[in-house]
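Participant: requesting a structural model of the entry that follows:
(one chain, ligands or ions: 3)
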Amino acid sequence: MKALVEEKTYPILSNRVLLNRASYDGGFLGVVYFPAGGKKIHINEHLSTVLDYCTGKRTVESVLNSLARKYHEPKVSLKEPLVQILDTLEKEDIISMRDGTEPQAKMKIPPVLKTPYPLHTVNLELTAECNLKCMHCFGKFGNGHFEELTLEEIGDLAKQLKKLQVYEVALSGGEPLLREDFFEIAKVFVKDGVAVGLMTNGSLVDEQMADNIARAGINSVGVSLDGVRSDTHDPFRGVRGSFQKTMKGIQLLHDRGMRLKIYTVLNRMNSGEMKALLELYRRLDATYSVSRTLTRGKPRENKHLLFSVKEFPRFYEKFLVAEEVVFRGEGSRIKEGGREELAQRPVEERARCHAGVHTLNIRPDGAVTPCASLIEPEFVMGNIRDNLVEDIWLEPEGTVNQIRELRAIEIEKCADCRFLDQCGSGCMACAYLEKGTILAPDLGACAKMEGSKSFFRKSGVRRF
Ligand SMILES: C[S@@+](CC[C@H](N)C(=O)[O-])C[C@H]1O[C@@H](n2cnc3c(N)ncnc32)[C@H](O)[C@@H]1O
Ligand code: SF4
Ligand code: SF4
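Facilitator: Ligands and ions are numbered 1, 2, ... in the order given. Next up, the predicted model:
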């Protein structure tokens, strides 16, 4: 590898990755995202600096010269670290090495943004229409009272998101596959280099639809499945026959090699099926998320479906922890609200949640909110029909700045809690819905932590 510097070798950023890099007072956050497998790698500032030179037009020696000038260091002391960094980047498939005989197209490296709040992902609610009548749905979906964003408006949005280095947009709803222009919408994001995820109830996925999804360049498909039998899934989803259709949809997508993520909302009807669900996720080689029910919208009318906070710890311990559902499922990490991006910072500097910090939600009429679960007028940051996303993100209306500045340790009860590092003070929307303020702990997360004690002990976390 050391001979690299002497040889005519040209490092070039892979065209299979997307970059999101941001620097701010005293900090740096860099993410390399692989749309094909959904893998994310966090990079430090040194790796990022080297990446700036990986255009395919410069030899390793020329990179070394530039670094020596930039850091005012002799070349000889930078040679070894540079070779190591290039080696790491190459091993991770972030760059490749050209030998100089190939055509020399230049790779455009996106700039490092100047913000403490780099935007990584966006949830886009394409419609409020829905073909199901779920007993737990938090949205006022199914009555189509929104004036939906047009394809043209969404095309403009895609360009704005690309400029902000957003690496993935999730197309959701309501039921996004009800939009007649769904595949044209997916195309505008794919064309602009923003990876596309689809979030669907799966019941509209027949052979034709599955073919179209597989051909559209969609990166991953999230499908909601709330049981392993019609008896559990159908009543919860409010439409008889939806289980058969959704299972068929899942199988058709699986047959076409789509990357699947199954979303299950835990409730009294399906709580006995966790083992069977887990087997199904594994058979499909799908990542999964088993989440609690957020008490917004329909669950308020269907309280009998919900577990009480008192029952939760035991339930977690007995089923979810024992079966490792909580720890293996991608979205059900034990680190409540502590996604990797937040966990890059020490707990005392950590925001409570990634909502409004690294992600945002766009409602069917263009209103921007920190997430799909915080939608009250006080959380509306602006509307993409009135302003650029960049301006809304940098200078939001409403109380999102409060969310951004809120640290998990500022929440009474959480500050002294032994679970704080694992929990990060839970879900803000849950706290808000329970107590009317985002400054409260999330009682569901407390219950989850309590039920997970045996797991912590088993994993060697001493204080448990
Ligand atoms: C709002 S739906 C939109 C996409 C599509 N219609 C579907 O059902 O997958 C997105 C996800 O939110 C979940 N969801 C809806 N209401 C919820 C609630 N009250 N608590 C937790 N998750 C909820 C759904 O189960 C689904 O997995
Ligand atoms: S959860 Fe999804 S499928 Fe069910 S009513 Fe809500 S939007 Fe429709
Ligand atoms: S377990 Fe409860 S009190 Fe402890 S950090 Fe989480 S939300 Fe706060």
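
Participant: now the strand or helix carrying residue 90: average pLDDT?
Facilitator: For residue 90, the host element (DSSP states H and E) is helix 75-91. For helix 75-91, mean pLDDT is 94.

Participant: over to stretch 126-142?
Facilitator: The model assigns stretch 126-142 a mean pLDDT of 87.

Participant: sorry, back to before: so which bits of the helix holding residue 90 are buried?
Facilitator: By neighbour count on 16 or more other CB atoms under 10 Å, the buried set for helix 75-91 is 78-79, 82-83, 85-86, 89-90. Glycine gets a C-beta too; all of them are placed from N, C-alpha and C.

Participant: stretch 136-155 now?
Facilitator: 136-139, 141-142, 146, 148-149, 151, 154-155.

Participant: which helices and strands sit right next to the helix or strand hosting residue 123?
Facilitator: Assessed by DSSP H and E, residue 123 sits inside strand 121-125. Under the contact definition 3 or more CB pairs under 8 Å, 6 or more residues apart in numbering; DSSP states H and E, strand 121-125 sits against helix 151-163, strand 168-172, strand 359-362.

Participant: export that strand as PDB, just CAs?
Facilitator: Provided in PDB are the C-alpha atoms of strand 121-125 (Å, rounded to 0.1, in the frame of the first residue of the first chain):
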ATOM      1  CA  THR A 121     -33.600  12.000   6.000                       C
ATOM      2  CA  VAL A 122     -37.100  13.200   5.200                       C
ATOM      3  CA  ASN A 123     -40.500  11.600   5.600                       C
ATOM      4  CA  LEU A 124     -42.800  12.700   2.900                       C
ATOM      5  CA  GLU A 125     -46.500  12.100   3.400                       C
END
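
Participant: need the residues of the stretch 151-300 of the chain near ligand 1, please.
Facilitator: 172-173, 175, 199-201, 224, 263, 265, 291, 293-294, 296, 299 (CB under 6 Å from any ligand atom).

Participant: can you give me the neighbour number for residue 195?
Facilitator: 22 (other CB atoms under 10 Å).

Participant: swap in the one 4 residues further on?
Facilitator: When neighbours are defined as other CB under 10 Å, residue 199 has 23 of them.

Participant: partner strands of the helix or strand hosting it, with direction?
Facilitator: Following DSSP H and E, one finds residue 199 within strand 195-200. Using DSSP bridges, the strands paired with strand 195-200 are strand 168-172 (parallel), strand 220-224 (parallel).

Participant: tell me which of those strands lies nearest to ligand 2.
Facilitator: strand 220-224 (6.2 Å; CB to the nearest ligand atom).

Participant: angle of the following helix or strand past that closest one against strand 220-224?
Facilitator: Downstream of strand 220-224, the next assigned helix or strand under DSSP H and E is helix 230-237. Interaxial angle of helix 230-237 relative to strand 220-224 (axes from the mean of the first three to the mean of the last three CA atoms, to 10 degrees): 100 degrees.

Participant: and after helix 230-237, which helix or strand comes next?
Facilitator: Trace forward from helix 230-237 with DSSP H and E and the next one is helix 242-255.

Participant: now that following helix against strand 195-200, angle please.
Facilitator: 160 degrees.

Participant: can I have helix 242-255 written out in CSV, keeping just the CAs?
Facilitator: Provided in CSV are the C-alpha atoms of helix 242-255 (Å, rounded to 0.1, in the frame of the first residue of the first chain):
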residue,chain,number,x,y,z
SER,A,242,-56.0,-7.1,4.1
PHE,A,243,-53.8,-9.7,5.8
GLN,A,244,-53.9,-12.0,2.7
LYS,A,245,-53.2,-9.1,0.4
THR,A,246,-50.3,-7.7,2.5
MET,A,247,-48.7,-11.1,2.9
LYS,A,248,-48.9,-11.6,-0.8
GLY,A,249,-47.4,-8.2,-1.4
ILE,A,250,-44.6,-8.9,1.0
GLN,A,251,-43.8,-12.2,-0.8
LEU,A,252,-43.9,-10.6,-4.3
LEU,A,253,-41.5,-7.9,-3.2
HIS,A,254,-39.3,-10.5,-1.5
ASP,A,255,-39.3,-12.6,-4.7
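
Participant: how about that helix: buried residues?
Facilitator: 242-243, 245-250, 252-254.

Participant: same thing with stretch 26-45?
Facilitator: So stretch 26-45, judged by 16+ other CB under 10 Å, has buried residues 28-35, 38, 40-41, 43.

Participant: ok, of the residues you listed, which one's closest to ligand 3?
Facilitator: Nearest to ligand 3 among those, with distances taken as CB to the nearest ligand atom, is residue 29, at 23.3 Å.

Participant: show me where pLDDT drops low in the chain?
Facilitator: 1-6, 101-104, 140-144, 319-347, 459-464 (pLDDT under 70).

Participant: for it, what lies in contact range of ligand 2?
Facilitator: Residues of the chain lying near ligand 2 (CB under 6 Å from any ligand atom): 130, 132, 134, 137, 139, 141-142, 173-175, 201.

Participant: can you tell me which of the residues you listed are in strands?
Facilitator: Using DSSP state E to define strands, no part of these is located there.

Participant: reformat those residues as JSON lines; add distance to residue 216.
Facilitator: What follows is the residues of the chain next to ligand 2, written out as JSON lines (distance: CB to CB, whole Å):
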{"residue": "130", "distance to residue 216": "21"}
{"residue": "132", "distance to residue 216": "23"}
{"residue": "134", "distance to residue 216": "26"}
{"residue": "137", "distance to residue 216": "26"}
{"residue": "139", "distance to residue 216": "24"}
{"residue": "141", "distance to residue 216": "23"}
{"residue": "142", "distance to residue 216": "25"}
{"residue": "173", "distance to residue 216": "17"}
{"residue": "174", "distance to residue 216": "19"}
{"residue": "175", "distance to residue 216": "17"}
{"residue": "201", "distance to residue 216": "18"}
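
Participant: contacts with ligand 3 among these, please.
Facilitator: Among those, none lies close to ligand 3 by the criterion of CB under 6 Å from any ligand atom.

Participant: isn't there a strand covering residue 177?
Facilitator: No: checked against DSSP: H, G, I helix; E, B strand; the rest coil, residue 177 lies outside a strand; its state is helix.

Participant: how many neighbours does it have?
Facilitator: 24.

Participant: circling back: out of the helices and strands packed on strand 121-125, deepest packed?
Facilitator: Highest mean neighbour count among these (mean count of other CB atoms under 10 Å): strand 359-362, with a mean of 24.

Participant: what element comes up after that strand heading to the C-terminus?
Facilitator: Per DSSP H and E, the helix or strand that comes after strand 359-362 is strand 367-369.

Participant: what residues does the following helix or strand past that next one touch?
Facilitator: Next along the chain after strand 367-369, taking DSSP H and E as the criterion, comes strand 382-383. Strand 382-383 is contacted by residues 365-368, 391-392, 396-397 when judged by CB atoms under 8 Å, 6 or more residues apart in numbering.
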